[in-house]
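Asks: Task: produce atomic coordinates for the following.
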Amino acid sequence: MSNSNSLGTSIVLIVLAIFVIVILIRSIRIVPQARAGIVERLGKYQRTLGPGLTILIPFVDRLLPLLDLREQVVSFPPQPVITEDNLVVSIDTVVYFQITEPRAATYEIANYIQAVEQLTTTTLRNVVGGLNLEEALTSRDQINGQLRGVLDEATGKWGIRVSRVELKAIDPPLSIQDSMEKQMRAERDRRAAILTAEGTKQSQILTAEGQRQAAILAAEGDAKASVLRADGEAQAIQRVFDAIHAGNPDQKLLAYQYLQTLPKIAEGDSNKLWIIPSEVGEALRGIGGVLGNIQPDAEGTPGRGGTAPSAGQPSPGV
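Replies: Next comes the predicted model:
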């Protein structure tokens, strides 16, 4: 009988120990960093738990699932949106939000993720519905700003702050994509043709400018060369003139030099007719007078005038 009582007592003690352990486990809670917990006492909001260790009253307090206070990123599936010019485009959105009030996020909205998704879809249709396709493709920043403003204002009472909204992709219909690709290809071909024409034009302009500059430089070179040659000839003539006058030549030497210059005047195929000036006659008479004074001697060698004539020949000048 005593053994039966001891066994019953042991079972009771074991049950009490397990009960105490369960109560302690339910009473002690540890909240991680960047998490928040809502405590309800007898079904009513009691307080919000922050990070750290806390003790609850067993069977009276209840801790709801912890909320993540970090910024969260939610990507929503593509949504069909009709633009102002009645084209259906598929738009992917990404929303960045953060829970700022755990109590409001728990009691003000049943499912804040689904609420943000539906609000984003309706707001996106309202914004893009007032734009045509080209404006929708080129006004992403404007669309993002309008979506963020509307979502942040609507989710503020839910204890959620929408920090950023991004459009991942705007996909027009395939037929529109083909037309846009053809248009862009034609535009690129047009720009390439314009650039080629501009390059050819600039090349021709530069070539003409180079030829003009070369012609100008060649003409300036020829002009300077002509001036230098003229200056050289003038200086040579001036030196010859000075030398002649410094030597004080007589009439006979001048006549002889004049006769040596006459053949040079007649050089060239174009000189078919040339005129001998009247001074040539005077020069010839002067040369004849010089030659008349030169007489051959008895052996046939010329001699100077004034030598005795040979026997039987008249004296010159008779």
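
Asks: Might one say that residue 172 is in contact with residue 134?
Replies: No - using C-beta atoms under 8 Å as the test, residue 172 is too far from residue 134 to be in contact (10.1 Å). Quick note: C-beta positions are derived from backbone N, CA and C, even for glycine.

Asks: These two: which is more packed in?
Replies: For residue 172 versus residue 134, the count of surrounding residues by other C-beta atoms under 10 Å is larger for residue 172: 17 against 11.

Asks: Can you tell me how far the more buried one is from residue 15?
Replies: 70 Å (C-beta to C-beta, to the nearest Å).

Asks: Residue 202 versus the most centrally placed residue in the chain, what's the distance?
Replies: The structure's the chain has its C-alpha centroid closest to residue 195; by C-alpha atoms, centre = their mean the separation is 14.3 Å. Taking C-beta to C-beta as the measure, residue 195 and residue 202 are separated by 10 Å.

Asks: now do residue 174
Replies: Using C-beta to C-beta, one gets 42 Å for the distance from residue 174 to residue 202.

Asks: With residue 50 instead?
Replies: 72 Å.

Asks: Compare neighbour counts for those two and give me the winner.
Replies: For residue 50 versus residue 202, the count of surrounding residues by other C-beta under 10 Å is larger for residue 50: 13 against 10.

Asks: Now residue 177: closest residue in space that isn't a chain neighbour?
Replies: residue 171 (8.0 Å; C-beta to C-beta, 6 or more residues apart in numbering).

Asks: right, and that neighbour touches residue 90 too?
Replies: Yes - with contacts defined as C-beta under 8 Å, residue 171 counts as touching residue 90 at a distance of 4.4 Å.

Asks: Need the residues touching each of these two.
Replies: Here residue 171 and residue 90 share the contacting residues residue 78, scored by C-beta atoms under 8 Å, 6 or more residues apart in numbering.

Asks: what about the stretch 1-150 of the chain, any weak spots by pLDDT?
Replies: Applying pLDDT under 70 to the stretch 1-150 of the chain flags the ranges 1-4.

Asks: how about the helices in it?
Replies: Assigned by DSSP state H, counting those that start in this stretch, the stretch 1-150 of the chain shows helices spanning 2-27, 102-107, 112-128, 133-138, 140-155.

Asks: Which neighbours in the sheet does the helix or strand following the last one have, and how are they oriented?
Replies: Right, helix 140-155. Sequence-wise, the next helix or strand downstream of helix 140-155 (DSSP states H and E) is strand 160-171. Strand pairing for strand 160-171, using DSSP bridges, gives strand 88-99 (antiparallel).

Asks: Go through the strand it pairs with and flag the buried ones.
Replies: Buried residues in strand 88-99, defined by neighbour count with 16 or more other C-beta atoms under 10 Å: 89, 91, 93, 95, 97, 99.

Asks: residues touching the first one, list them.
Replies: Residues near residue 89 by C-beta under 8 Å, 6+ apart: 80, 81, 82, 83, 128, 133, 136, 170, 171, 172, 173.

Asks: Farthest pair within the residues you listed?
Replies: Between all members of those, the longest pairwise span (C-beta to C-beta) is found for 128 and 173 and amounts to 14.6 Å.

Asks: which residues pair with residue 162 across the strands?
Replies: When bridges are taken as DSSP bridges, the partners of residue 162 come out as residue 97.

Asks: brain fart, residue 167
Replies: As assigned using DSSP bridges, the partners bridged with residue 167 are residue 93.

Asks: Pull the number of nearby residues for it.
Replies: Neighbouring residues of residue 167 were enumerated by other C-beta under 10 Å; the total is 18.
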